[in-house]
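Asker: Got a sequence here, can you model it:
(one chain, ligands or ions: 1)
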Amino acid sequence: MRGIGVLCFLLVMLFQPLLALCAQDAAPKVASQEIRVALDPARHELCGATVLTFAGVAKQARLGLAPAARIESVQDAGGEKVPWRFDSGSLTLDLAGRAATVTVTWRASFHDEVSRNQTAEDPSYGVNASIGEEGTFLGGGALWYPVPEQVPQSRTVKVEAPVGIEAVTFGARLSRETLGGVTRSVWREARPVGILSLCAGPYLVEEREVAGIKLYSYLSRDNAALAPRYLDAVARYLPMYQELFGPYPFEKYAVVENFFPTGYGFPSFTLLGGSVIRLPFIVDTSLPHEIAHSWWGNGVDVDASEGNWCEGLVTYLADYLLKERRSEAEGSDYRRQLLIDYASLVTPQNDFPLTSFASRSDPASRAIGYGKGAMVFHMTRRHIGDEAFFAGLRQVARERMYRDASWSDLLRAFSERSGADLSGFRTWLTRPGGPRLALADVTLRRDGKGWRVNGVVRQSAPFSAVELPLRLESAGGATTEVVRVGAREETPFTLTSAAAPGRLLLDPAADLFRILAQDEIPATVNSVKGSTRLMGVVARDCRARPETFRTFLASLSQGTAPIVGEDALTSTEAARRDLVICGVPADRSLIPAGAELPTAAGEGAADSLLFQVLMRAAPEKGAVALFLPGSECAALQYAPKVTHYGKYGSLYFAGGVNRRKGTAAAAGGGAVVRFQPQNNP
Ligand SMILES: [Zn+2]
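Answerer: You can find the predicted model right below:
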């Protein structure tokens with residue numbers, strides 16, 4: 001279950017559009033708002049007082065507040081009662097002829113139960129707001145305090161709770177103390193954004209400072225030992241992102257533990273479930289994702305009129321970019337996986353254009369809003385170059401911080417910084433699906449001293465104009481050329497090569513968003529797990545004992561698959577089966593093209609396991625997996641881990657951990673042409 005689920009919980013708390021509060025007439029500007037709340041976890045209750053100072057004179061003000069709240073009093077600065085009306089979550093104050101400062105006191109009870117039938121695609125666990133002994137979460141959407149129509153120009157929050165219950169909300173922490181059996185803290189935002197969320201619990205608090213920004217961790221006693229790991233990671237990622245996007249827009253960054261397994265990113269803090277925090281990979285996956293949301297989604301809000309762009313952008317700038325920075329191969333593997341997910345999960349029935357994406361509700365909407373969105377940013381970056389791309393992002397951050405931005409604002413900034421006309425990119429946003437491309441009619445001819453490859457790129461309707469990388473591989477190396485494919489059925493191309501070419505590959509690094517054909521989707525661990533005709537084969541150099549190999553197959557739900565020695569394997573049997581071969585078979589024709597045999601330094605060593613699944617095209621289509629432990633000991637240690645990497649086709653373990661995971665390039669279909677071996681002229 002590792003990896004699955006957790007990454008799905010990622011979610012940014014987009015500012016709730018101010019619901020029914022959208023101003024019809026000009027809503028009065030709020031110069032400042034002070035919110036004082038006292039939490040009573042034993043009773044699941046809070047009582048609060050808020051002081052609102054309006055800028056200028058207004059006849060009326062409307063505030064949003066949880067419909068179940070009880071208003072206790074509304075007074076002006078002189079202590080005079082202010083007439084009010086509270087109906088269906090809307091509190092209307094009659095301000096005619098009064099001073100600009102009004103105090104509202106209220107009480108409210110919040111006790112949403114954590115849903116037990118959690119599906120991975122309901123990241124809220126059914127909890128909008130809950131105050132309790134195990135923890136308190138008050139989401140902005142629950143309107144736990146009176147929320148004015150316009151975001152105040154400055155905002156202060158004072159929280160009181162029973163001794164030891166620490167609270168966190170937006171803004172800088174001005175003070176924190178425990179006195180007379182009460183724990184208090186005060187928070188202030190210089191530039192308030194959105195509606196406040198607040199959490200509280202029996203946290204142990206650690207703090208640090210990096211580049212003038214306060215970093216905090218608010219973790220339960222159980223997880224407090226992880227604080228340095230998280231603070232170190234924040235101290236690494238915040239400066240990295242400041243360099244890429246410009247100044248960090250908030251006063252602090254806090255890692256806060258939640259009592260149910262969320263992965264939320266709020267302005268200036270992330271709220272991660274206790275079980276999530278303990279997963280070892282979160283510091284380098286969910287955490288940077290949520291930190292990047294500080295700029296994209298929280299600092300710059302989403303103008304959703306053209307769709308939510310922030311999940312695609314943050315997926316690209318965190319989940320993806322960190323992989324790309326580790327290696328080119330990890331980057332292209334990640335992009336390929338996005339294309340595989342899209343092709344496997346999105347159907348004409350559940351597809352929609354990016355302009356219609358609001359938030360994910362299932363794996364398909366995730367493959368569109370996060371995956372296709374990330375690919376659109378990748379194609380933009382490739383088109384205009386790194387410098388213009390990141391300068392464009394910094395421009396949007398500078399111009400739209402604390403306000404909202406749309407896809408158009410982003411495209412405009414990229415266009416201004418690069419001088420490129422990006423109007424053609426709109427179709428990636430407004431059209432569902434994507435191009436379906438294949439190589440066809442490919443011929444190879446001698447041309448003077450070298451070779452000439454002619455062919456066409458064929459696409460099925462609806463047609464798109466795309467920039468398509470084609471790679472020609474020969475013994476002398478590989479050359480990649482970007483072909484401008486027109487919005488029509490066939491686009492001819494000509495490539496030349498000095499040496500005899502071995503293969504022609506269509507977009508081998510997955511730089512283009514397109515719909516993969518079924519036979520381009522590579523074989524993975526899941527192909528082995530799902531096989532109905534699997535056979536285990538023991539080659540002579542298999543370094544695992546027979547029972548260890550048997551247990552390995554059982555861990556892949558193939559405990560009843562027959563196992564034979566390579567010598568006993570007939571070619572008929574080999575052709576009609578899916579195979580897992582332990583060791584490198586003496587008959588190399590059993591190994592499909594594209595297999596990597598352990599040659600790289602260290603691979604094949606006693607403490608290592610290489611496992612790869614490949615798709616064989618002939619004589620009959622089938623999956624062939626190579627199971628290559630360096631020793632019996634390595635097989636015992638690493639083989640049980642393989643099943644957890646279902647979506648990968650290539651795994652390498654050493655030193656106690658997974659060192660590499662990936663998926664092979666498009667294996668067949670119209671994306672690869674193999675040439676007959678030629679003699680160089
Ligand atoms: Zn996100």
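
Asker: how about the helices in the stretch 401-550 of the chain?
Answerer: 407-418, 426-430, 525-529, 546-555 (DSSP state H, counting those that start in this stretch).

Asker: got these as a markdown table, with mean pLDDT, mean neighbour count and distance to the ion columns?
Answerer: C-beta here means a position set from N, CA and C on the backbone, and glycine is covered the same way. What follows is the helices of the stretch 401-550 of the chain, written out as a markdown table (pLDDT from 0 to 100; neighbours: other Cβ atoms under 10 Å; distance: least, Cβ to the ion, whole Å):
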| stretch | mean pLDDT | mean neighbour count | distance to the ion |
| --- | --- | --- | --- |
| helix 407-418 | 98 | 20 | 16 |
| helix 426-430 | 95 | 17 | 19 |
| helix 525-529 | 83 | 21 | 25 |
| helix 546-555 | 95 | 17 | 33 |
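
Asker: And those: which comes nearest residue 359?
Answerer: helix 407-418 (15.7 Å; Cβ to Cβ).

Asker: For that closest one, what is the distance to the chain centroid?
Answerer: 23 Å (Cα atoms, centre = their mean, to the nearest Å).

Asker: what's the answer for stretch 235-255, then?
Answerer: With Cα atoms, centre = their mean, you get 18 Å for stretch 235-255.

Asker: again with stretch 66-80
Answerer: 42 Å.

Asker: got a list of contacts for it?
Answerer: 47, 65, 81-84, 86, 88-89, 91, 93, 98-99, 101-110, 129, 142-144 (Cβ atoms under 8 Å, 6 or more residues apart in numbering).

Asker: from those residues, which would you call buried?
Answerer: In terms of neighbour count (16 or more other Cβ atoms under 10 Å), the buried residues within the contacts of stretch 66-80 are 47, 65, 82, 84, 86, 89, 91, 93, 98, 102-106, 108, 110, 129, 142-144.

Asker: Inside strands: which ones of the residues you listed?
Answerer: Using DSSP state E, the subset of these located in strands is 47, 84, 86, 91, 93, 102-106, 108, 129.

Asker: For beta bridges, what are the partners of the closest residue to residue 146 other than its chain neighbours?
Answerer: Spatial nearest neighbour of residue 146, chain neighbours left out: residue 63 (4.0 Å); criterion: Cβ to Cβ, 6 or more residues apart in numbering. Counting by DSSP bridges, residue 63 is bridged to residue 91, residue 148.

Asker: pLDDT value on residue 63, please?
Answerer: Here the pLDDT value assigned to residue 63 is 96.

Asker: Next one: residue 573 from the ion, what distance?
Answerer: 49 Å (Cβ to the ion, to the nearest Å).

Asker: Hmm, residue 537 and that residue touching each other?
Answerer: No: Residue 573 lies out of contact with residue 537 (Cβ atoms under 8 Å); the separation is 9.5 Å.

Asker: Which neighbours do these two have in common?
Answerer: residue 564.

Asker: Between the two, point out the one with more neighbours.
Answerer: residue 537 (28 against 14; other Cβ atoms under 10 Å).

Asker: ok, the nearest residue to that one once chain neighbours are set aside - contacts?
Answerer: The spatially closest residue to residue 537, leaving aside those adjacent along the chain, is residue 581, at 4.4 Å (Cβ to Cβ, 6+ apart). By Cβ under 8 Å, 6+ apart, the contact list for residue 581 reads 536-539, 566, 590, 624-627.

Asker: now these in TSV, with pLDDT and distance to residue 283?
Answerer: Listed next are these as TSV, based on pLDDT from 0 to 100; distance: Cβ to Cβ, whole Å:
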residue	pLDDT	distance to residue 283
536	97	38
537	97	40
538	97	40
539	95	40
566	95	44
590	90	42
624	93	37
625	95	32
626	95	33
627	96	31
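
Asker: okay, now residue 517: neighbour count?
Answerer: Neighbour number of residue 517 under other Cβ under 10 Å is 17.

Asker: doesn't residue 670 make contact with it?
Answerer: Yes: between residue 517 and residue 670 there is a contact at 6.3 Å, judged by Cβ under 8 Å.

Asker: who touches both of these two?
Answerer: residue 438.

Asker: The closest residue to residue 539 other than its chain neighbours - how many residues pack around it?
Answerer: Once flanking residues are discounted, residue 539 sits nearest to residue 583: 3.5 Å by Cβ to Cβ, 6+ apart. For residue 583, the tally of surrounding residues (other Cβ under 10 Å) stands at 19.
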